[in-house]
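Participant: with the sequence up front, the predicted model follows.
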Amino acid sequence: MADGILKLEHVCKAYNVGLPTEVEVLHDIDLELDRGEFLALIGPSGSGKSTLLNIIGLLDRPTSGRLLIKGRDTAMLGDDELTHLRGRTIGFVFQYHLLISAFTARENVMMPMLADRGFPSAEIEARAEHLLLQVGLDKFGSNLANNMSGGQQQRVAIARALAMRPDLVLADEPTGNLDTKSADAVFDLMRRVNRESGTSFLLVTHNMDLARRCDRIIQVIDGRIASN
Amino acid sequence: MNPWLPFEWIAAVRFLREGRLQTIFIIGGIAIGVGVIVFMSAMLAGLEANFIKRVLTSQPQIQLLTPDQVARPLRKSAGEIEDPAVQRPSQRVISIDQWPKIRGQMLAMPEVTAVSPTITGSVLALRGDASRAVTLTGIEPETYFDIVRIPNYIFSGEARLTSEDVIIGIELAKNLGATVGDKLNLQATGGANRVLTISGLVDFGNKGVNQRVAFVALRTGQSLLGMIGGVTTIDMKIKDIYAAEIIAQRIQAATPVQADSWIATNAQFFTAVQAQIYTNTLIRIFVGLSVAFGIAAVLIVSVIQRSKEIGILRAMGTSKGQILRVFLLQGGLLGFIGSVFGAAMGAAALIYWHAVARQADGAEFFPLILERSLFVYTAMLATVTGLLAATAPALRAANLDPVVAIRG
């Protein structure tokens, strides 16, 4: 895995372990993602896509199996180490934008860098400006998040996800809440970033048209990878 | 963004600013609570200081007296009592045995700030046809005025006590038809007689005391009362007035004298002062608790409202510690800002009340004491209360599972 970003080996995830209500939602998942890949994760609702995304995003831990990020086994990492690794390696884009309403678009983009470094700086601000320019919102930097359209907010979210120059961006139905035109624009933006910066993308989507435009499609059904 | 402000501070301020109405209401609540504490503390401190000043500058804090004279039962032989019924003997006015040595011991005590020997007895004050029984106190002005501030109570004349002077109460002067500069004949029960000049009239604010009180120099008192070189009491002043009773008991155990503290001789007054202090403390505690619960409630609501944002912050690499500090800071800031407004409100109310509230004689009801330390301590206490109140919401925020929080 010389150029691998992500590797899952026999990953299982169960809830209520040891209780009569124990339920396994992911079964023996094996998955690899290389640098620069643009991958679509599809599957019906309740198939385990979001659980898989949370595990890959280090927000949740697998019950068994191994998860390697850039060759590093995450099983032995503590909470703070996982947070640090997540902040520096993985960017998130969510369906409902989830910008922080108390901050402007520029400040939202600055937020991951601010959390990492502790204090604001001209360099951080310049990086945020550059990212906003990249997503075509350089004139909206001072707008509060709530004063922007859904498509604009999602583009700010993409800029924020790229702030720490992550190796991997996880996008959970980023176009699910947008009209067709905005959805296309957001997808094209992600694709462009992927090509220009080599950032890997893992896109969860129900939209088969978008999925077909990705490098690879992984289908998850009932907690198993049905096709790759 | 200010480059000197850390991430936690920026986020805390923004969160407070965004929930503006909520923030204004809770700051208002804290300000009212702090205002009540400042107002009550300052007013009660003023009242207490007034009472204490009135009581403790007109009497000694500890007074050493000759022990009670007791009659010993008549014994027939060893261990056998002839007559078990013993009548209490009359208490003769006698000098404290070896009083200069006891005074030296008292002065050596670190808690004691002033010691003054005095002699007290009854004499008759005569002027023309008028005569009044008075309590004569012979004092050393230079030490006694440190304990009982007679110069502060001088109504007319001056607090001068040479061997030819006497200072008397204003009611006594009125009854005798005398004033400053007049001669007064003092006649002791033992027959001694002195004619002294009235150098000053004192008003202790108590008619009974003003009718009986007369001060002369110690040597004059000793010669009038027929006790040359003797003293009947040693009056003392101490550093901590509330430790008077404990110190008095210690003195009594270590010396052959009876030690009475102002606490024992003014038991009712002391109980009233203590009750006032306890009430004030209880009010402060309960107001503080209500402020703390108010802050906690607002922050808990804020955590619930912001759970998705907390989740996204965690997802983008914000640590649990950073989230914890964001909410602790909000609590601290609310407490501090509330305390600043509260202190201003409390001070304004105090100044107004001080101007309006008057005693029957028109004198101020309480002295206006606005010490900087009260405001500093109150601000510190409110900030710490805010921080403590924010602990539970902050822990809840820090421990939010980002997956659950983002899902909502």
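Facilitator: Done, it's in.
Participant: by proximity to chain A, which residue of chain B wins?
Facilitator: Residue nearest to chain A within chain B (C-beta to the nearest C-beta): B:Gly317, separated by 1.8 Å. For glycine as for every other residue, the C-beta is placed from the backbone atoms N, C-alpha and C.
Participant: got the contact list for that residue?
Facilitator: A:83-84, A:86-88, A:112, A:115-116, A:164 (C-beta atoms under 8 Å, 6 or more residues apart in numbering or on different chains).
Participant: repeat that for 6 Å
Facilitator: A:83, A:86-87, A:112, A:115-116 (C-beta atoms under 6 Å, 6 or more residues apart in numbering or on different chains).
Participant: phi first, then psi, for it.
Facilitator: Dihedral angles of B:Gly317 (phi, psi; degrees, to the nearest 10) stand at phi 110, psi 10.
Participant: okay, now the unreliable bits of chain A?
Facilitator: By pLDDT under 70, the weakly predicted segments of chain A are A:1-3, A:97.
Participant: the longest helix along it: what's the following helix or strand?
Facilitator: Longest helix of chain A, by residue count under DSSP state H: helix A:180-197. Counting by DSSP states H and E, the next helix or strand C-terminal to helix A:180-197 is strand A:200-204.
Participant: got the contact list for the helix or strand following that next one?
Facilitator: Once the chain leaves strand A:200-204, the next helix or strand it forms, by DSSP H and E, is helix A:208-212. Here helix A:208-212 makes contact (C-beta under 6 Å, 6+ apart) with A:40, A:42, A:187, A:205, A:217.
Participant: what of stretch A:67-83?
Facilitator: For stretch A:67-83, using C-beta under 6 Å, 6+ apart, the contacting residues are A:7-8, A:58, A:66, A:89, B:317, B:319.
Participant: just the CA trace of that stretch, in CSV.
Facilitator: In CSV, the C-alpha atoms belonging to stretch A:67-83 read as follows (Å, rounded to 0.1, in the frame of the first residue of the first chain):
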residue,chain,number,x,y,z
LEU,A,67,-8.4,0.5,10.1
LEU,A,68,-5.2,1.9,8.8
ILE,A,69,-4.9,5.6,7.8
LYS,A,70,-1.8,6.2,5.7
GLY,A,71,-0.5,2.9,6.9
ARG,A,72,-1.0,3.7,10.6
ASP,A,73,-3.1,1.3,12.6
THR,A,74,-5.7,3.4,14.5
ALA,A,75,-6.8,0.7,17.0
MET,A,76,-4.2,1.6,19.6
LEU,A,77,-4.7,5.4,19.4
GLY,A,78,-6.3,7.3,22.3
ASP,A,79,-9.1,9.8,21.9
ASP,A,80,-6.8,12.8,21.7
GLU,A,81,-4.5,11.1,19.1
LEU,A,82,-7.5,10.1,17.0
THR,A,83,-8.8,13.7,17.2
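Participant: other SSEs contacting the helix ranked longest in chain B?
Facilitator: Of all the segments of type helix in chain B, defined by DSSP H, the longest one is helix B:267-305. Judged by 3 or more C-beta pairs under 6 Å, 6 or more residues apart in numbering or on different chains; DSSP states H and E, helix B:267-305 is in contact with helix B:20-56, helix B:320-356, helix B:372-398.
Participant: from the chain's centroid, how far away is the first one?
Facilitator: Its chain's average C-alpha position is 17 Å from that of helix B:20-56, according to C-alpha atoms, centre = their mean, to the nearest Å.
Participant: just the last one next, same as before
Facilitator: Computed by C-alpha atoms, centre = their mean, the separation of helix B:372-398 from the middle of its chain amounts to 28 Å.
Participant: who touches the helix or strand that that helix is followed by?
Facilitator: For helix B:372-398, the succeeding helix or strand toward the C-terminus, using DSSP H and E, is helix B:402-407. For helix B:402-407, contacts defined as C-beta under 6 Å, 6+ apart pick out A:54, A:59-60, B:307-308, B:310-311, B:314-315.
Participant: starting at the chain centroid, how far to helix B:402-407?
Facilitator: 57 Å.
Participant: fine by me, we can end here.
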